[in-house]
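J.: Just to be clear, the model below is a prediction. Sequence and coordinates:
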Amino acid sequence: MSTCRQAGIRVKKRFAYRGNISYNRNAMKIYNVPKGTRDIVGEEAGRFSRVSRIFEEAARLYGYGLINTPIFEDTALFERTIGGGSDIVQKQMYTFPDKAGRSLTLRPEGTAGVVRAAIGGGLLRPLPRRLYYSGPMFRYERPQKDRKRQFFQMGAEYFGDQTSFADIEIISLCASALNKLGLDYELKINSIGCPVCRSEYEKKLKAFAEKKIDGLCDDCRERLCVNPLRILDCKVESCGKILSGAPDVSEALCPDCADNFTEIRQGLNDRQIRFTPDVRLVRGLDYYNGCVFEFYAKGARDAIAAGGRYDGLVKLLGGEDVPAVGFAIGVDRIMPLIDFTPEKPDYMIVSAGAPVDGLIAFADDIRGTGKVCVISAKPKLKNALKEASAASFRFVLIMGEDEIKNMTVTVRDMVSGEQETLSRKEFLKRL
């Protein structure tokens, strides 16, 4: 009897495989990435890294601080913020119960989690507060070229200023990041008003649409009951033709909203940010109010970045009445559009008879200067040079017995083929 049984301890019986442990490698299942996702490697990983670095630097220069929120949240958070009747909540969210029976959802967008964290973490005192984020989001959609089920967003949120200054800054930050990425964009803006004037406009829009309801798609008929404004966002061609005659939202703005939108347009003009007013522009998330905007670029089917004001969202989630505005950039949509030349790694140390272990300290000295340095494990010089060439290294550092003895290094330029021998001290000094 085992010691555990003698002591009266119950032992949970584990599953034990008693089959033949030999296997046919050719018969093993090959696992692919789940549909709608992808592995980001090679040149694409380089593009991803460049986009992330440029956005983070732009956000830092505007004084925004980084925030990282969980990939999954309570399902009720998104139902409350995005809108229970939205397509995202009804059709696209990845929702599942955890082992305690709690309903959790992989985040379909970034703002709700940032707002939740800002309230719970006491980040809204003092105000204003500027935050930025980046990371993967998840929506169950039909996978397309620039629309995946796991996609990446970078975004920024500005809390605590209800004036046009905040809207202008947020749009300027987004435009700055896109400019730094070398993108030629088109900016569209609109104002969907405050809750008061928006409510009056929705009545007019609903009355117009109900007269033409037979020609609208099923989604628009449903939206008409839940959030009439969102029928303007329908991508069905027949609906677009019908709604082209819909009432103009700009004519329904109250004086305060009209003045605010005028100030935003003037501020963008002052900053030489080109834009086009679009009275049909609304956002697909229910929490937006006031100014909304979208950036488009040649080569991308959908908007590459979008955002707007959401003054009531903090209060809706139990916080104080804090105004806010923000945006998100679709990383997957802009990655194919940017000019990108992969950077060649700097140095590969190859052995010409010297023990590889003796090259580690020298490699660390090179890395200490901020240069990339890799040690080839190939024992033969010819094979090591082939490895360096295949990996596109700019220089090879040849270390043989003489170089070890004399504390020198032979530097070969992999483009020109020229080489010279230097003392290690002189080599490191040149770096």
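T.: Ah, there it is.
J.: what about the stretch 251-400 of the chain, any weak spots by pLDDT?
T.: Low-confidence segments of the stretch 251-400 of the chain (pLDDT under 70): 284-285.
J.: Name the nearest residue to Ser103, ignoring sequence neighbours.
T.: Thr75 (4.1 Å; Cβ to Cβ, 6 or more residues apart in numbering). C-beta here means a position set from N, CA and C on the backbone, and glycine is covered the same way.
J.: Please apply the same query to Phe261.
T.: Phe261 sits nearest to Ser191 (Cβ to Cβ, 6+ apart), 4.1 Å away.
J.: my guess is the one you found meets Ala252, correct?
T.: No. If you go by Cβ atoms under 8 Å, Ser191 and Ala252 don't touch, sitting 9.9 Å apart.
J.: Compare the two (neighbour count), which wins?
T.: A count of neighbours by other Cβ atoms under 10 Å puts Ser191 above the other of Ser191 and Ala252, at 29 against 21.
J.: Can you check my assumption that Gly46 lies in a helix?
T.: Yes. Remark: Gly46 belongs to a helix, assigned using DSSP: H, G, I helix; E, B strand; the rest coil.
J.: per-residue pLDDT, Ser176?
T.: We have a pLDDT of 97 for Ser176.
J.: and it, how many neighbours does it have?
T.: Counted with other Cβ under 10 Å, the neighbours of Ser176 add up to 19.
J.: Contacts only, for Ala246.
T.: 205, 208-209, 232, 280 (Cβ atoms under 8 Å, 6 or more residues apart in numbering).
J.: Of the residues you listed, which is the nearest to Glu79?
T.: In terms of Cβ to Cβ, no member of the contacts of Ala246 lies closer to Glu79 than Leu232, at 22.7 Å.
J.: Dead centre of this structure: give me the residue that sits there.
T.: The centroid of the chain falls nearest to Gln153 when counting by Cα atoms, centre = their mean (2.0 Å).
J.: who's in contact with that one?
T.: Neighbours of Gln153 in contact, by Cβ under 8 Å, 6+ apart: 109-110, 134-135, 137, 328-331.
J.: Of these, keep whichever come out buried.
T.: Buried members of those, scored by 16 or more other Cβ atoms under 10 Å, are 109-110, 134-135, 137, 328-331.
J.: So which of the residues you listed belong to strands?
T.: In strands, judged by DSSP state E, the following of those are found: 134-135, 137, 328-330.
J.: who's in contact with the helix or strand containing Ala258?
T.: Using DSSP states H and E, Ala258 sits within helix 255-270. With Cβ under 8 Å, 6+ apart as the test, helix 255-270 has contacts from 163-165, 167-168, 171-172, 187, 189, 191, 193-194, 197, 250, 253, 275, 277, 290-291.
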